[in-house]
Each structure stands twice: as structure tokens, then as C-alpha cells.
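>>> just coords:
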Ligand code: AMP
């Protein structure tokens, strides 16, 4: 069974985001970029299935600028077998990513596609469900546990107020919650080995997919700065401030 796993290059989660001065978006020049954290979990899951003898090949896919090869190399160092970069310089929205992945699924014929539940840059949470809809495949989103037996994938989903368990028939699409696993660090020997693993280069055009944006960003703004708190000396002072300054009690 072949697994396709998606890896998006995003601003590293430790970096404090800065908005561009013209408010057209977030600053990405000279900023540390890394694999989207949910995608690390997706790669880990795919590699674990391969190590358990339940998958034959893990293919890591990214869409974006040439530097996304670095993100694919990280997936290869974690244990993926080969990579595919669909290179495009402009912004790609979830629908365009889903259509591109659909085209790749048609040629690669994986039985399982694992994506992150959300990309931490656009926070869209759309690509996995859109891909499942385009393919007409069952989907398990926000999964925190996966077991695969005789072509049936049993997943536990993180839902409001608890856990939901679903059985899905292969082929299917999964999106990962952070609790699914703890991604491994790539060891130095594996980083070296990953340099020799192949990455196929493609373009959306070569796959017959139009990726032009359909959304127009009007303005990106930083959240309003929170005011510093104050320490109060007594309960009476607290009540006074709540009543007369914050005006949240009468
Ligand atoms: P989103 O729908 O944008 O929140 O993204 C959900 C997931 O789709 C991400 O965690 C990735 O696994 C995948 N994805 C989205 N955009 C890309 C991209 N440009 N390249 C690779 N994977 C992507």
C-alpha cells in the first residue's frame, strides 16, 4: 500500500509573526521556515505504518516555491521514500492544493493520503476535506489514533466534548491532530541518506491544474496589543475596579 503524505513549508511555529508594512500579508523574507507541525505528525504516522509492514512506500508531497524541497528532505530524513515538489511561486489556496493532490492521486494511486488537520499559516483546515470530496473517498479528520486492519482504518477523532471512533474503508483521507503521535527527530545518518532520495519536480500546469487564487486579501493586521495587568491590594479594590473602571459589575 502506497501512502501520500503532504508537507507544507510554513513560518516556524517559534517565530513571532510580523505583518508586512504594506499590510498585504505576513513577512516571510529572512524568516525561519519549517514543516507545518501537523504535517510532521502526518509523516510520522505514515512512516510508522511502513515500519509496521502495513505500507510499502511513503511519498512526501509539497506545493510551493523551490525551497519546499528542504521541507520534503526533512520528510525523507524522517523515513519517507521519495518526494514530489509541485513548484509554483504564487500563493496557493486550499482548493488549488486539493485539486493538485487529486491529480497526483490519480497518477500515483495511493490507498491512503495523510495531511495535517491545518496549516498554521492560513489556519484553513480545508485541504483534507476538499481532497476527500474531490476523490469521493471517506475521510477521518482530526485523528488522534489510527489502526489499520484488513483494509479497514479505525480512527479516533478529537471532537468537542470527547472522542468519536469511525471505521473507514481504504482508500481514504486522514488529517492529523497533534495528539496522534510524537514525531521523531531525523538522525544525522538519515539526513545524509535523505540527500540521495529522489524528489520529482512538477508544476501545476503539467498536472493540468489551475492554481490562481480565488480570494483577495484586503488587509492583514496585527491583533490589538493587550494592556498590561495591574496587581490589586485587596478584594475591595478589585471590586471597585471591576465596578468603576471595567464596568463589568454593578
Ligand atoms: P489547510 O487546509 O491550509 O489548513 O492545510 C491543511 C493541510 O493540507 C496541511 O497541514 C498540509 O498537510 C496540507 N497542505 C496545505 N497546503 C499545502 C501545500 N502548499 N503543500 C503541501 N501540503 C499542503
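It's in. If you're wondering where the values come from, they're calculated on a predicted model, not measured in any experiment.

>>> which residues touch the helix or strand hosting residue 144?
In this assignment (DSSP states H and E), residue 144 forms part of strand 139-149. For strand 139-149, the external contacting residues (C-beta atoms under 8 Å, 6 or more residues apart in numbering) are 45, 49, 54, 117, 128-129, 132, 153-159, 163, 166, 168, 172-177, 179-180. C-beta: built from backbone N, CA, C; applies to glycine.

>>> 7 Å - rerun?
Identification of contacts with strand 139-149 by C-beta atoms under 7 Å, 6 or more residues apart in numbering yields 45, 49, 54, 117, 128-129, 132, 153-158, 166, 168, 172-177, 179-180.

>>> just the buried residues of the residues you listed.
Those of these that meet the buried threshold are 45, 49, 117, 128-129, 132, 153, 155-158, 168, 172-177, 180, by 16 or more other C-beta atoms under 10 Å.

>>> in helices, which of the residues you listed fall?
Counting by DSSP state H, the part of the buried ones among the contacts of strand 139-149 found in helices is 45, 49, 128-129, 132.

>>> of the contacts of strand 139-149, which ones also sit close to the ligand?
When C-beta under 6 Å from any ligand atom is applied, the members of those adjacent to the ligand are residue 128.

>>> rewinding a little: name the residues of the strand holding residue 144 that are buried.
Per 16+ other C-beta under 10 Å, strand 139-149 contains these buried residues: 139-146, 148.

>>> spatially nearest residue to the closest residue to the ligand within the chain, not counting backbone neighbours?
Closest approach between the chain and the ligand, counting by C-beta to the nearest ligand atom: residue 116, at 2.4 Å. Distances taken as C-beta to C-beta, 6 or more residues apart in numbering put residue 38 closest to residue 116, at 2.7 Å, once the chain neighbours are dropped.

>>> what's the answer for residue 11, then?
Residue 11 sits nearest to residue 31 (C-beta to C-beta, 6+ apart), 5.5 Å away.

>>> any idea how many residues pack against the one you found?
13 (other C-beta atoms under 10 Å).

>>> dump the buried residues of strand 139-149 to JSON lines, plus pLDDT and distance to residue 101.
Formatted as JSON lines, the buried residues of strand 139-149 follow (pLDDT from 0 to 100; distance: C-beta to C-beta, whole Å):
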{"residue": "139", "pLDDT": "98", "distance to residue 101": "13"}
{"residue": "140", "pLDDT": "97", "distance to residue 101": "16"}
{"residue": "141", "pLDDT": "96", "distance to residue 101": "15"}
{"residue": "142", "pLDDT": "96", "distance to residue 101": "18"}
{"residue": "143", "pLDDT": "97", "distance to residue 101": "18"}
{"residue": "144", "pLDDT": "96", "distance to residue 101": "23"}
{"residue": "145", "pLDDT": "97", "distance to residue 101": "24"}
{"residue": "146", "pLDDT": "97", "distance to residue 101": "19"}
{"residue": "148", "pLDDT": "95", "distance to residue 101": "21"}
